[in-house]
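>>> Attaching a predicted model along with its sequence, questions to come.
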2 protein chains.
Amino acid sequence: MPKQLPLVEQTSLCCSPLMRRPLTEDQSVELARVFKALGDPVRLRLLSLIASHAGGEACVCDLTDAFDLTGPTISHHLKVLREAGIIDGERRGTWIYYRVLPTTLQTLSAVLMAPDQAAPVTP
Amino acid sequence: MPKQLPLVEQTSLCCSPLMRRPLTEDQSVELARVFKALGDPVRLRLLSLIASHAGGEACVCDLTDAFDLTGPTISHHLKVLREAGIIDGERRGTWIYYRVLPTTLQTLSAVLMAPDQAAPVTP
């Protein structure tokens, strides 16, 4: 299991857009960690390949053909996504199967929304 | 004026969630550039301070008190946000006033949405 992301537990942050009030230092550290994990083209492509794969999950064996990269390099990027709470992995037989953890991406999506797009937030 | 972000011009990417189909290499490079700019706690706090400031804009003079950082360091982070198309700046008198460019954040927000949350996209 990945480390549970504090940011998705912070109901004050979840669905509270970035634009409505200043982030605290702690909130900004948590969010930056996830955005940084997304700030790499290979990781973004891995994420979209996993998410759009049949059944919503994929193993490294399904992913390597899309990249001119070694297996260990791809595994490193998958580890970064996993540690950021963006994907989770489950070993079944020889392979680890990865799937997207939608809550983390939904939280980021809500944080970036303009205030008039977002659901009301209790103060 | 900031460089126009190709990603917000790509209607096929705008509002097409990451999870629906694999990103192309070009799309992932553009998106990663913006996520990387957001992948820093100081830049996230600057962004939320600007966005939530009275009138939706702020100058460096409004921002420095929130940080234990030098003016040049804050200016560097503002430049990164500006070059990523996340904020824009306009000089008026002594100061440059910064405001958020909502289209870029709306695009990122839409990209991260689960497919069932997003508006229909033409193929």
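That came through fine. Since we're looking at a predicted model, the values are computed, not measured.
>>> From A:Cys59, how far out is A:Gly93?
10 Å (C-beta to C-beta, to the nearest Å). Glycine gets a C-beta too; all of them are placed from N, C-alpha and C.
>>> do A:Ile86 as well
Counting by C-beta to C-beta, the gap from A:Ile86 to A:Cys59 is 17 Å.
>>> and these two? which has more neighbours close in?
A:Ile86 (27 against 20; other C-beta atoms under 10 Å in any protein chain shown).
>>> The more buried one touches A:Ile50, doesn't it?
No: counting by C-beta atoms under 8 Å, A:Ile86 stays clear of A:Ile50, with 9.6 Å between them.
>>> Overlap in contacts, those two.
A:Val100 (C-beta atoms under 8 Å, 6 or more residues apart in numbering or on different chains).
>>> interface residues of chain A facing chain B?
Applying C-beta under 8 Å from any C-beta of the partner chain, we find that chain A lies next to chain B at A:18-23, A:25, A:28-29, A:31-33, A:35-45, A:47-49, A:51-52, A:66, A:100, A:102, A:105-106, A:108-110, A:112-114, A:117.
>>> Any of these buried? List them.
A:18-19, A:21-23, A:28-29, A:31-33, A:35-45, A:47-49, A:51-52, A:100, A:102, A:105-106, A:108-110, A:112-114 (16 or more other C-beta atoms under 10 Å in any protein chain shown).
>>> what sits against A:Ala51?
A:Val100, B:Leu18, B:Met19, B:Arg20.
>>> mind listing what A:Glu66 touches?
Rather than Glu, residue A:66 is Ala. By C-beta under 8 Å, 6+ apart, A:Ala66 lies in contact with A:Arg45, A:Leu49, B:Pro22.
>>> Next one: the residue nearest to the spatial centre of chain A from B:Val100, what distance?
Centroid-nearest residue in chain A, with C-alpha atoms, centre = their mean: A:Ile86, separated by 2.4 Å. Plainly put, A:Ile86 is 24 Å away from B:Val100 if you go by C-beta to C-beta.
>>> go on, A:Ala51?
28 Å.
>>> picking that back up, let's see which of the residues of chain A next to chain B end up in strands.
Taking DSSP state E, the ones among the residues of chain A next to chain B that sit in strands are A:Val100.
>>> Can you show me the helices along chain A?
A:6-9, A:25-38, A:41-52, A:60-63, A:71-83, A:102-112 (DSSP state H).
>>> How far does the second one sit from its chain's centre?
What it means is helix A:25-38. In terms of C-alpha atoms, centre = their mean, to the nearest Å, the centre of helix A:25-38 is set 11 Å apart from its chain centre.
>>> can you check the fourth one too?
Shown here is helix A:60-63, whose average C-alpha point lies 18 Å from the average C-alpha point of the whole chain (C-alpha atoms, centre = their mean).
>>> now stretch A:96-111
Using C-alpha atoms, centre = their mean, the mean C-alpha position of stretch A:96-111 is found 5 Å from that of the whole chain.
>>> how about the CA coordinates for that stretch, as CSV?
C-alpha atoms of stretch A:96-111 as CSV (Å, rounded to 0.1, in the frame of the first residue of the first chain):
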residue,chain,number,x,y,z
ILE,A,96,3.0,-5.9,-10.0
TYR,A,97,-0.2,-4.5,-11.4
TYR,A,98,-0.6,-0.7,-11.1
ARG,A,99,-3.8,1.3,-11.0
VAL,A,100,-4.6,5.0,-10.5
LEU,A,101,-5.8,6.2,-7.1
PRO,A,102,-8.5,8.6,-8.2
THR,A,103,-8.9,10.4,-4.9
THR,A,104,-5.5,12.1,-5.2
LEU,A,105,-6.1,13.3,-8.7
GLN,A,106,-9.6,14.5,-7.8
THR,A,107,-8.2,16.4,-4.9
LEU,A,108,-5.6,18.1,-7.1
SER,A,109,-8.3,18.8,-9.7
ALA,A,110,-10.6,20.5,-7.1
VAL,A,111,-7.7,22.5,-5.7
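>>> That'll do, ta.
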